[in-house]
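Enquirer: A predicted structure for the sequence below; I have some questions about it.
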Amino acid sequence: MTLEPDSRVEAFLEMLAAERGAAANTLAAYLADLDDFSSFLGRGKAPSRASAADIAHYLQGLAACGMAARTQARRLSALKQFFLFLLREGAREDNPAAEIGAPKQPKSLPKYLSESEVNALLEAARGMEGTAGAKARAGLEILYSTGLRVTEMLSLRANALSTDAAMLLIKGKGGKERMIPLSETARQAASALRAAAPAKARYLFAGRDISQPMTRQGFALLLKQVAIAAGLNPARLSPHVLRHSFASHLLAHGADLRALQKLLGHADISTTEIYTHVLAERLQKLVQAHHPLAAARP
């Protein structure tokens, strides 16, 4: 079912794009969430006129259908943002979603690969031929050595990493910029990919249409092929797992949590703190290795 005609929804999405620099995928997610809420309300009421009771009943329905708590929380967040926009624009006198609490979510640790598994992937990618092999090698080297989001990597222009510059300027979520250190292996892999790509490609990871970048789905499928070649379960590998591996391995080798926050482009340190399980393991080993009372007593 499509959205009940509601110009407020369109205005909200335009604001996200213009003022917050929301990406197309983000806008599509907000639209899908509001579309689902509109379907729940039915044709008699537009989303902008919903009440707190409407929202509460909607969330109860999502829970009753067995929807994951994380997805419920995302739907509620979208509604809160939408009604806050209406409040600030003077289209409503209240935010009916403001006092509704999000469902409790089970804490989950980020999934990441071991260092030996990453090495196996890199070795398998080196054995792949053609443009697909060049994309696999460059993608693995860049994602694992920088921690970029896959969308950020696929948005790199064809001349990216073409100089001896030690840093790469990345525009991330919300249009925020950050500097990422570059490794020599990442530059070499990017150079090999440029050599294998069509001459007029606009992006480093060119798609079938060389004027467009490779899709996230296409790159994820390529990673699955590398995982199979490396003898790993392809279900365990995704671009985001490589980002988690980058962060987890850095912390395991002594990186600072604040520095990691900047590298990952997290707006809030609490987001980076999902990796503190790695810090806890490292500190435990540190105490066991160096504390005088940790040694076995006769």
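Expert: Great, that's in hand. Numbers count the residues shown, from 1 in each chain.

Enquirer: S51: neighbour count?
Expert: S51: 12 surrounding residues under other Cβ atoms under 10 Å. C-beta coordinates here come from the backbone N, C-alpha and C atoms, glycine included.

Enquirer: Which residue comes closest to it once chain neighbours are left out?
Expert: Closest residue to S51 in three dimensions, ignoring its sequence neighbours and counting by Cβ to Cβ, 6 or more residues apart in numbering: P96, at 5.5 Å.

Enquirer: any idea which helix or strand carries that neighbour?
Expert: Using DSSP states H and E, P96 maps to neither a helix nor a strand.

Enquirer: buried set for stretch 217-236?
Expert: Within stretch 217-236, the residues scored as buried using 16 or more other Cβ atoms under 10 Å are F219, L222, L223, K224, Q225, V226, A227, A229, A230, L232, P234.

Enquirer: and if you look at stretch 148-163?
Expert: Using 16+ other Cβ under 10 Å as the test for burial, stretch 148-163 gives L148, R149, V150, T151, E152, M153, L154, S155, L156, A158, A160, L161.

Enquirer: re earlier: show me the buried residues of stretch 217-236 that map onto helices.
Expert: If you go by DSSP state H, the buried residues of stretch 217-236 have F219, L222, L223, K224, Q225, V226, A227, A229 in helices.

Enquirer: tell me the contacts of the last one?
Expert: Spelled out, it's A229. Contact analysis of A229 by Cβ atoms under 8 Å, 6 or more residues apart in numbering lists A124, A125, G127, M128.

Enquirer: And the second one, by the same measure?
Expert: Remark: with contacts taken as Cβ under 8 Å, 6+ apart, L222 is in contact with A132, K135, A136, G139.

Enquirer: what's the burial count for the last one?
Expert: Meaning G139. When neighbours are counted by other Cβ under 10 Å, G139 comes out with 26.
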